[in-house]
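Novice: how would this look folded up:
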Amino acid sequence: METVSLLFDDVGEFLGELSTREGAVQHAMLTRVGEERLGDHFAAWQTQGVPIGERRISFRDTRCFFAIHDWLRCMKMELYPTTAILLECWQIIASHPLAAQERCEVFRSLRGASSQEIAAWRLQLDDLVKRDAHASIH
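Specialist: The predicted model follows:
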């Protein structure tokens, strides 16, 4: 099963997504800021592997997610695995005019919520989108 993880820096700026299957990297997508800060690293990792001490872990290795996660934490960045409903919530949150740190804090709060709370948040976010769409028509 594929897992999408969201990447944030230490001030909550969204830097991109990492898709993995059983820990092996399937796809990486960086934002403009993520590309500026991490693009060279990700490009090197695709051909040389992710550095872990004296070794390098291939993107196709099932330990790659953990290698990237550890490297990012050393760089004061976070990689958060999501579920399908959390990813849907994030996409709605990211489309609204909030500061980067506010978006990140809402996402972090959702990660700690129960599945029932997340479902309730999802319904509220859907209502917000509908209100925004209605407001833009009128």
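Novice: and the helices in this protein, which stretches?
Specialist: Taking DSSP state H, the helices of the chain run over residues 32-48, 64-74, 84-94, 100-111, 115-137.
Novice: adding distance to E13 and mean neighbour count, write those helices out as TSV.
Specialist: For glycine as for every other residue, the C-beta is placed from the backbone atoms N, C-alpha and C. Shown next, in TSV, are these (distance: least, Cβ to Cβ, whole Å; neighbours: other Cβ atoms under 10 Å):
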stretch	distance to E13	mean neighbour count
helix 32-48	6	15
helix 64-74	13	18
helix 84-94	12	16
helix 100-111	5	16
helix 115-137	21	12
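Novice: what's the closest of these to M1?
Specialist: Nearest to M1 among these is helix 84-94 (10.4 Å), distances taken as Cβ to Cβ.
Novice: what's the closest one packed up against?
Specialist: Judged by 3 or more Cβ pairs under 8 Å, 6 or more residues apart in numbering; DSSP states H and E, helix 84-94 is in contact with strand 2-8, helix 100-111, helix 115-137.
Novice: kindly recompute the last result at 10 Å.
Specialist: Helix 84-94 sits against strand 2-8, strand 14-21, helix 100-111, helix 115-137, with contacts defined as 3 or more Cβ pairs under 10 Å, 6 or more residues apart in numbering; DSSP states H and E.
Novice: between those, which one is closest to I68.
Specialist: Distance to I68, taken as Cβ to Cβ, is lowest for strand 14-21 among the helices and strands packed on helix 84-94, at 6.8 Å.
Novice: tilt between the closest one and strand 2-8?
Specialist: Counting by axes from the mean of the first three to the mean of the last three Cα atoms, to 10 degrees, strand 14-21 lies at 160 degrees to strand 2-8.
Novice: give the buried residues for strand 14-21.
Specialist: Residues F14, L15, G16, E17, L18, T20 are the ones in strand 14-21 that count as buried (16 or more other Cβ atoms under 10 Å).
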